[in-house]
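Participant: After the sequence you'll find the predicted model.
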Amino acid sequence: MKCRLLAAAGVALAATLAGCATAPPQLYHWGDYQRQVYQSLNADDTGPQEQLQQLEQQAEKARAKGAALPPGFRAHVGLLMLRLGRDADAAAQFEAEKQAFPESTAYMNFLLRRMQPAKAAQAAPAEVTR
């Protein structure tokens, strides 16, 4: 009887301690990033400028906590900047994504190459045909 009581107390203590264990820290600061991506893909009422402001706030929160931004965050910010005509800022975001996540290099290089024809067309004067 005494042995069963001690065993039950041990099980109760173990369950209590397991319930009080803290969760491991998250690897990345996700914040509202996933909701932002969902909104941008579903073409809700928020425009790219508002989405960009919200993501910049999330980045500030991550920096304040010393947490890393999740994969794709900088690329998504870069795509929003492209939509706003901020090509140089977008390219910087794509480069930052490559640095943070080398596995994204192929896709980031693809996006950077796609930006080149647009820059070349803007820089070259229009030819006049007769």
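Facilitator: Sure, I can see it.
Participant: Quick check: what element follows the lowest-mean-pLDDT helix or strand in the chain along the chain?
Facilitator: Every helix and strand in the chain was compared by mean pLDDT, DSSP states H and E; the lowest is helix 2-20, with a mean of 62. As assigned by DSSP states H and E, the chain's next helix or strand after helix 2-20 is helix 33-41.
Participant: now what about the helix or strand following that next one, what contacts it?
Facilitator: Later in the chain than helix 33-41, the nearest helix or strand by DSSP H and E is helix 48-65. Contact with helix 48-65 is made by 29, 31-33, 36, 39-40, 46, 68-69, 73, 76-77, 80-81, 83-84, as judged by Cβ atoms under 8 Å, 6 or more residues apart in numbering. Using the backbone N, CA and C atoms, a C-beta is placed for each residue, glycine as well.
Participant: now the residues you listed: which count as buried?
Facilitator: The neighbour count (16 or more other Cβ atoms under 10 Å) marks 29, 31, 33, 36, 39-40, 69, 73, 76-77, 80-81 as buried among these.
Participant: which outside residues touch stretch 71-86?
Facilitator: So stretch 71-86 is in contact with 28, 33, 36-37, 40, 48-49, 51-52, 55-56, 58-59, 87, 89-94, 96-97, 100-101, 104, 107-108, 111, 115, going by Cβ under 8 Å, 6+ apart.
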